[in-house]
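Chemist: the sequence isn't on hand, but the structure is:
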Ligand SMILES: O=C(O)[C@H]1O[C@H](OP(=O)(O)OP(=O)(O)OC[C@H]2O[C@@H](n3ccc(=O)[nH]c3=O)[C@H](O)[C@@H]2O)[C@H](O)[C@@H](O)[C@@H]1O
């Protein structure tokens, strides 16, 4: 091979090597660039996925929390406190209302605060410097304007009522998240003995499901509150021993209402036993007074007498008078406050029992039964009007013929001693009634004279 040919060949080889070198560099650059793009794209996709996951993630181990989050939004929407600014204003009201104004004051959640006993107890607690947060669903079992009027009364005492249902777990949990309540005074319930035949489900929903829901929230709260709640004299049902003592039989309820209150006492036992909740049940005996319940006899008798309408006065099947241990509201309030003050702390935490806790049941009555006929004649005297009485055999509607409380247990443990007799208490009721409903001053005048005759 000639030397020039050799030189040419070697030049061509070098050139090719150089070109292939350039191609390699180029392809590496392209590869590098495209892998960078790929890397960035992957990073972006991963980031988007991560964000999507984070927003939608509900831990599998806590599906209830996920569900409750859902409900929470719904209940907050329904109570109009979902937007962040209104929500923080709402939280501020909740906090302010439940903060005690005296040293070592209680912080009490009062359920049924727009109700008869609830409103009186809330005011009494607030007046002595305890923190009180009300809770009420303002249902229309009776005239809701009366409940709203009680709410106004409470607002004047800086007691805020959260509008919600006992069965709204997320809302209740939210309240316990905001406030470490020391006590719950649980008075929200479906009341009334005879109405249970018309609307049985409402008793199950409030007095059983609602109670269980409240206890579920309370047992999981940290700290667990002590709970004082309203049972009823009706749990004695067909008991024939007198006066009724906490040791007597309560396994013969005469109405579904009574059965749900009795069930409540057994449910209380369970939550005390398993979770260490401190629980006190108060058996109220036919509570009456100003701001009372329009579904109760003394209240609708007053209205009927004033309107000249006839009233049914029940007599027993063997033609005896029906009697009740009518108990004035102020005495009941003292009993509720006494029970709260002597309630020991719950012992559980994190939903687990740490030791035995207090479990109590007390009668809160007047210890002096009065026949319904006598109640009517006191009202006649106070109203200055004769009632159109219609005496009939007690219909089979869940009523019992007679109630009479032995209150020695409540007296022993927190000095409960009723001091208002029926005539005095009804005078105060009528005074309130004529004022509230704007009844003619003539009746008021007669009323003040009638005081002595009553
Ligand atoms: O102490 C209780 O455990 C219960 O007291 C009252 O139930 P009740 O005693 O039946 O009170 P009212 O409905 O006001 O009846 C009072 C008396 O009047 C009688 N009555 C009632 C209605 C009527 O038209 N005529 C009549 O003679 C009843 O039989 C009863 O003896 C409350 O309504 C219940 O919520 C409460 O739990």
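Modeler: Looks like it came in fine. On a predicted model such as this, the values are computed, not experimentally measured, just so you know.
Chemist: up against the ligand, what does this protein have?
Modeler: Contact residues, the chain versus the ligand (Cβ under 6 Å from any ligand atom): 191-193, 232-234, 284-286, 296-297, 312-314, 322, 324, 372, 399. Bear in mind the C-beta positions are built from the backbone N, C-alpha and C, glycine included.
Chemist: show me where the stretch 351-454 of the chain has its helices.
Modeler: Using DSSP state H, counting those that start in this stretch, the helices of the stretch 351-454 of the chain run over 372-383, 408-414, 422-436, 441-453.
Chemist: and the third one, average pLDDT?
Modeler: For helix 422-436, the mean pLDDT works out to 98.
Chemist: same check, this time on stretch 377-391
Modeler: For stretch 377-391, mean pLDDT is 98.
Chemist: which among the residues of the chain next to the ligand count as buried?
Modeler: 191-193, 232-234, 284-286, 296-297, 313-314, 322, 324, 372, 399 (16 or more other Cβ atoms under 10 Å).
Chemist: quick one: which of the residues you listed sit in strands?
Modeler: 232, 284, 313, 314, 324 (DSSP state E).
Chemist: tabulate those residues in a markdown table, adding columns for pLDDT.
Modeler: Shown next, in a markdown table, are these (pLDDT from 0 to 100):
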| residue | pLDDT |
| --- | --- |
| 232 | 98 |
| 284 | 99 |
| 313 | 98 |
| 314 | 97 |
| 324 | 98 |
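Chemist: between these, which sits nearest residue 438?
Modeler: residue 313 (27.7 Å; Cβ to Cβ).
Chemist: my guess is that closest one contacts residue 393. True?
Modeler: No. Counting by Cβ atoms under 8 Å, residue 393 is not a contact partner of residue 313; they are 10.7 Å apart.
Chemist: need the residue closest to the centroid of the chain.
Modeler: Closest residue to the average C-alpha location of the chain: residue 111 at 3.3 Å, with Cα atoms, centre = their mean.
Chemist: now it. Nearest residue, chain neighbours left out?
Modeler: In space, and not counting its chain neighbours, residue 111 is closest to residue 188: 3.8 Å by Cβ to Cβ, 6 or more residues apart in numbering.
Chemist: OK, contacts around the one you found?
Modeler: Listed by Cβ atoms under 8 Å, 6 or more residues apart in numbering, the contact partners of residue 188 are 111, 112, 115, 118, 135, 136, 137, 166, 206, 210.
Chemist: surely it is in a helix?
Modeler: No. If the criterion is DSSP: H, G, I helix; E, B strand; the rest coil, then residue 188 is coil and not within a helix.
Chemist: and the gap between residue 253 and the ligand?
Modeler: The gap separating residue 253 from the ligand is 11 Å, by Cβ to the nearest ligand atom, to the nearest Å.
Chemist: where's that residue, which helix or strand?
Modeler: Using DSSP states H and E, residue 253 falls within no helix or strand.
Chemist: thought it was touching residue 235?
Modeler: Yes. Under the criterion of Cβ under 8 Å, residue 253 makes contact with residue 235 at 6.5 Å.
Chemist: what do those two both touch?
Modeler: Listed as contacting both residue 253 and residue 235 by Cβ under 8 Å, 6+ apart are 261, 262.
Chemist: export the ones in strands among the buried ones among the residues of the chain next to the ligand as a markdown table, with columns for distance to residue 265.
Modeler: Below are those laid out as a markdown table (distance: Cβ to Cβ, whole Å):
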| residue | distance to residue 265 |
| --- | --- |
| 232 | 10 |
| 284 | 13 |
| 313 | 31 |
| 314 | 27 |
| 324 | 21 |
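Chemist: all strands of the chain, in order?
Modeler: All strands of the chain, identified by DSSP E, fall at 107-111, 131-136, 160-163, 183-186, 226-232, 279-284, 287-288, 310-315, 323-324, 327-328, 359-364, 370-371, 388-393.
Chemist: touching, residue 184 and residue 107? I think so.
Modeler: No. Contact criterion Cβ under 8 Å: residue 184 and residue 107 do not qualify, at 10.0 Å.
Chemist: which one of these two has more residues nearby?
Modeler: More neighbours surround residue 184 than the other of residue 184 and residue 107, with 29 against 19 (other Cβ atoms under 10 Å).
Chemist: contacts for stretch 284-292?
Modeler: 116-117, 119-120, 146, 149-150, 153, 230-233, 296, 298-299, 324-330, 332, 363-366, 403, 405, 425-426, 428-429, 431-433, 436.
Chemist: next one: stretch 100-107
Modeler: Contact partners of stretch 100-107, identified using Cβ under 8 Å, 6+ apart, comprise 98-99, 125, 128-131, 133, 179-183, 340.
Chemist: could you work out the most separated pair of those?
Modeler: Between any two of those (Cβ to Cβ), the greatest distance is 19.9 Å, for 128 and 180.
Chemist: tell me the contacts of the closest residue to residue 97 other than its chain neighbours?
Modeler: In space, and not counting its chain neighbours, residue 97 is closest to residue 160: 3.8 Å by Cβ to Cβ, 6+ apart. By Cβ under 8 Å, 6+ apart, residue 160 lies in contact with 93, 94, 96, 97, 133, 134, 154.
Chemist: bridged to the fifth one, which residues?
Modeler: Spelled out, that is residue 133. Per DSSP bridges, the residues bridged to residue 133 are residue 109, residue 160.
Chemist: count of residues packed around it?
Modeler: 27.
Chemist: wait, what's in contact with it?
Modeler: Applying Cβ under 8 Å, 6+ apart, the residues near residue 133 are 94, 97-98, 107-110, 159-160, 162, 175, 179, 181.
Chemist: most neighbours among those, which one?
Modeler: Going by other Cβ under 10 Å, residue 110 tops the contacts of residue 133 with 31 neighbours.
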